[in-house]
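Enquirer: attaching a predicted model along with its sequence, questions to come.
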Amino acid sequence: MLGTSTDEEDEDFLGTQLPSSLPSGLHSASSQNQQQQNQGGDTETGVSHRLEAPNLQAQNLQDVQEEDTECEHVNGKVVKSSSDAHLNTSSVRSTLQKQNTLPARPIIPLVARISDQNASGAPPMTVREKSRLDKFKQLLASPNTDLEELRKHSWSGIPREVRPITWRLLSGYLPANKERRELVLKRKREEYFGFIEQYYHSRTDEHYKDTVQTGSATTHQSNESIHIDIPRTNPLIPLFQQPAVQEVFERILFIWAIRHPASGYVQGINDLVTPFFVVFLSEFVTEDVENFEVAALPLDTQRNIEADSFWCMSKLLDGIQDNYTFAQPGIQNKVKALEELVSRIDEDIHNHFKRYEVEYLQFAFRWMNNLLMRELPLRCTIRLWDTYQAEAEGFSHFHLYVCAAFLIEWRKEILSMVDFQGLLMLLQNLPTIHWGNEEVGLLLAEAYRLKYMFADAPSHYKR
């Protein structure tokens, strides 16, 4: 478990001699994984959350119908349509171009708080947690923050109090030099609202529409898709159903799309705004974030949260831009790499998929497109992104190993399914409702082990 191990345990990770650059807080996870995979709660802070999972049967059936694959009923049995028997280049391109074929987001409500560490009502910090927080504060107070040290400490999770400033630094939005930060924030926030004036507020002008739609055929389509997707963003969380919040998301996504005409807006990018928005909002909120009325904040504060969310999301997307360009080649390549990796590390699962004609694209497309955000509660995504921002190429390269570890986590359940529809329903609605810091920590530890074993020896996972 990451973020809760003792110093002695930190030195022993899966019995492997690891390089000196190994992030602190890692220790053996394999032996504990099966015992602890379904234990909910955020053990780093001692906060334990429990909530019965909603009945997802109807949602499961809808997701299977809306997934990239289609099922036909033949003699009372569900079988794959012939068009999905072989995924050739043209069929893959057609599938990826149809944004409406992406499944609806599974209903994964939050348990207690989104920002799970040291929030109002949480137990007092342990001695170890206080020591970690002090280390972060010391690094952040330095005239020139050592970013490598900051990444090292962030790998095992970032304390809630310092997460906003740490995320700004690790994303490359803020400079390491402390004296320059305020000036940079002021300049970047003004620049963003210059975009709002230039593009968003004038989007209904006839001259503007003629100019933009002539230059980019995707602009109108992007705007329509944004309008459709925003209400679907975390539909069960009151925070994201507030008009003020939905307007923020619309502006952020509109500006990003118009500044990236090669891709425009692609369904799923709306999800990637939410962790940044919640983390930067938590800087001003001590109560339950998901029920907080954002309109009650001063207007300047609202504007600053919006601008910071835009720039940090943009930094993230800069590193995975080929995921969202025409035919989304980045995602196709990552799904293929996942298939090759799983074929080497767990041949039973790989052959099980082949036996029941389950293509990796049918479930892993969403894992790559949304960075597992549709598979995990938002509190888990925030913890996961602590590590992604600390890890070199975390959102692209390391994410592959997290997906592999995530798939293997459900090995027993996968192998127990003996039909195509059952497998897809399981893979689209994996039971992570009770997951917290402990489960994410174990997942990351296993992903690091896989990366350590395979990343520098690609022939190990290529047939």
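Expert: Received, thanks.

Enquirer: local confidence estimate at S263?
Expert: What the model reports for S263 is a pLDDT of 83.

Enquirer: and the lengthiest helix in the chain, what does it pack against?
Expert: As assigned by DSSP state H, the longest helix anywhere in the chain is helix 299-318. Counting by 3 or more Cβ pairs under 8 Å, 6 or more residues apart in numbering; DSSP states H and E, the packing neighbours recorded for helix 299-318 are helix 163-170, helix 178-195, helix 243-259, helix 269-281. Just so you know, the C-beta spots here come from the backbone N, C-alpha and C atoms, and that holds for glycine as well.

Enquirer: and the contacts of the very next helix or strand once past it?
Expert: As assigned by DSSP states H and E, the chain's next helix or strand after helix 299-318 is helix 329-345. Taking Cβ atoms under 8 Å, 6 or more residues apart in numbering as the criterion, the residues outside helix 329-345 that touch it are 92, 96, 320-324, 349-350, 360-361, 364-365, 367-369, 396, 399-401, 403-404, 407-408, 450, 454, 460-463.

Enquirer: of those residues, which belong to helices?
Expert: Judged by DSSP H, the subset of those located in helices is 92, 96, 349-350, 361, 364-365, 367-369, 399-401, 403-404, 407-408, 450, 454.

Enquirer: walk me through the domains of this protein.
Expert: For the chain, automatic domain parsing gives the domain ranges 10-109+326-460, 131-321.

Enquirer: out of those, which comes closest to P124?
Expert: Distances from P124 to each of these were compared using Cβ to Cβ; the minimum, 8.8 Å, belongs to domain 10-109+326-460.

Enquirer: what mean pLDDT would you report for the closest one?
Expert: Confidence over domain 10-109+326-460, taken as the mean pLDDT, stands at 71.

Enquirer: start at 24, not 1
Expert: Noted, 24 is the first residue going forward, which turns the last one into domain 33-132+349-483.

Enquirer: S332 and R186, how far apart?
Expert: Between S332 and R186 the distance, using Cβ to Cβ, to the nearest Å, works out to 14 Å.

Enquirer: now do F477
Expert: Going from F477 to R186 by Cβ to Cβ gives 30 Å.

Enquirer: and the two? Which one has more around it.
Expert: R186 (23 against 20; other Cβ atoms under 10 Å).

Enquirer: can I get the strand or helix carrying Y411 in CSV, CA atoms only?
Expert: Element membership for Y411 (DSSP H and E) is helix 401-413. These are the backbone C-alpha positions of helix 401-413, laid out as CSV (Å, rounded to 0.1, in the frame of the first residue of the first chain):
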residue,chain,number,x,y,z
LEU,A,401,-13.4,10.6,-8.8
ARG,A,402,-11.6,10.5,-5.4
CYS,A,403,-9.6,7.6,-6.8
THR,A,404,-8.8,9.5,-10.0
ILE,A,405,-7.5,12.5,-8.0
ARG,A,406,-5.2,10.1,-6.0
LEU,A,407,-4.1,8.4,-9.3
TRP,A,408,-3.2,11.7,-10.9
ASP,A,409,-0.9,12.6,-8.0
THR,A,410,1.2,9.7,-9.2
TYR,A,411,0.7,10.4,-12.9
GLN,A,412,1.9,14.0,-12.5
ALA,A,413,4.9,12.7,-10.5
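
Enquirer: rewinding a little: report the inter-axis angle for the longest helix of the chain versus helix 266-282.
Expert: Helix 322-341 runs at 40 degrees relative to helix 266-282, counting by axes from the mean of the first three to the mean of the last three Cα atoms, to 10 degrees.

Enquirer: any idea of the angle helix 322-341 forms with helix 186-193?
Expert: Computed by the same axes, to 10 degrees, the angle between helix 322-341 and helix 186-193 is 40 degrees.

Enquirer: list the buried residues of helix 322-341.
Expert: Along helix 322-341, the positions that meet the burial threshold by neighbour count (16 or more other Cβ atoms under 10 Å) are 325-340.

Enquirer: put the buried members of the ones in helices among the contacts of helix 352-368 into a PyMOL selection.
Expert: Written as a PyMOL command, the selection of buried residues from these, which uses 16+ other Cβ under 10 Å, is:
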select buried, resi 115+119+372+373+384+387+388+390+391+392+422+423+424+426+427+430+431+473+477
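
Enquirer: relative to helix 322-341, how tilted is the helix holding Y411?
Expert: If you take the same axes, to 10 degrees, helix 401-413 sits at 60 degrees to helix 322-341.

Enquirer: what packs against helix 401-413?
Expert: For helix 401-413, the helices and strands in contact under the criterion 3+ Cβ pairs under 8 Å, 6+ apart are helix 170-177, helix 186-193, helix 292-304, helix 460-477.

Enquirer: go again using 10 Å as the cut-off
Expert: Packed against helix 401-413 by the contact rule (3 or more Cβ pairs under 10 Å, 6 or more residues apart in numbering; DSSP states H and E) you find helix 170-177, helix 186-193, helix 292-304, helix 322-341, helix 422-432, helix 460-477.

Enquirer: for K211, find the nearest of these.
Expert: Distances from K211 to each of these were compared using Cβ to Cβ; the shortest belongs to helix 322-341, at 5.6 Å.

Enquirer: that closest one vs helix 292-304, what angle?
Expert: Going by the same axes, to 10 degrees, helix 322-341 makes 130 degrees with helix 292-304.

Enquirer: could you dump helix 322-341 to PDB, C-alpha only?
Expert: Output in PDB follows, covering the C-alpha atoms of helix 322-341 (Å, rounded to 0.1, in the frame of the first residue of the first chain):
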ATOM      1  CA  LEU A 322     -16.300  36.200  -8.800                       C
ATOM      2  CA  ASP A 323     -12.500  36.600  -8.900                       C
ATOM      3  CA  THR A 324     -12.000  33.300  -7.100                       C
ATOM      4  CA  GLN A 325     -14.400  31.500  -9.600                       C
ATOM      5  CA  ARG A 326     -12.500  33.000 -12.500                       C
ATOM      6  CA  ASN A 327      -9.100  31.900 -11.100                       C
ATOM      7  CA  ILE A 328     -10.300  28.400 -10.500                       C
ATOM      8  CA  GLU A 329     -11.500  28.300 -14.100                       C
ATOM      9  CA  ALA A 330      -8.300  29.700 -15.600                       C
ATOM     10  CA  ASP A 331      -6.100  27.300 -13.700                       C
ATOM     11  CA  SER A 332      -8.200  24.300 -14.600                       C
ATOM     12  CA  PHE A 333      -8.000  25.300 -18.300                       C
ATOM     13  CA  TRP A 334      -4.200  25.700 -18.300                       C
ATOM     14  CA  CYS A 335      -3.500  22.500 -16.300                       C
ATOM     15  CA  MET A 336      -5.900  20.500 -18.500                       C
ATOM     16  CA  SER A 337      -4.200  21.900 -21.600                       C
ATOM     17  CA  LYS A 338      -0.800  20.800 -20.200                       C
ATOM     18  CA  LEU A 339      -2.100  17.300 -19.700                       C
ATOM     19  CA  LEU A 340      -3.600  17.100 -23.200                       C
ATOM     20  CA  ASP A 341      -0.400  18.400 -24.800                       C
END
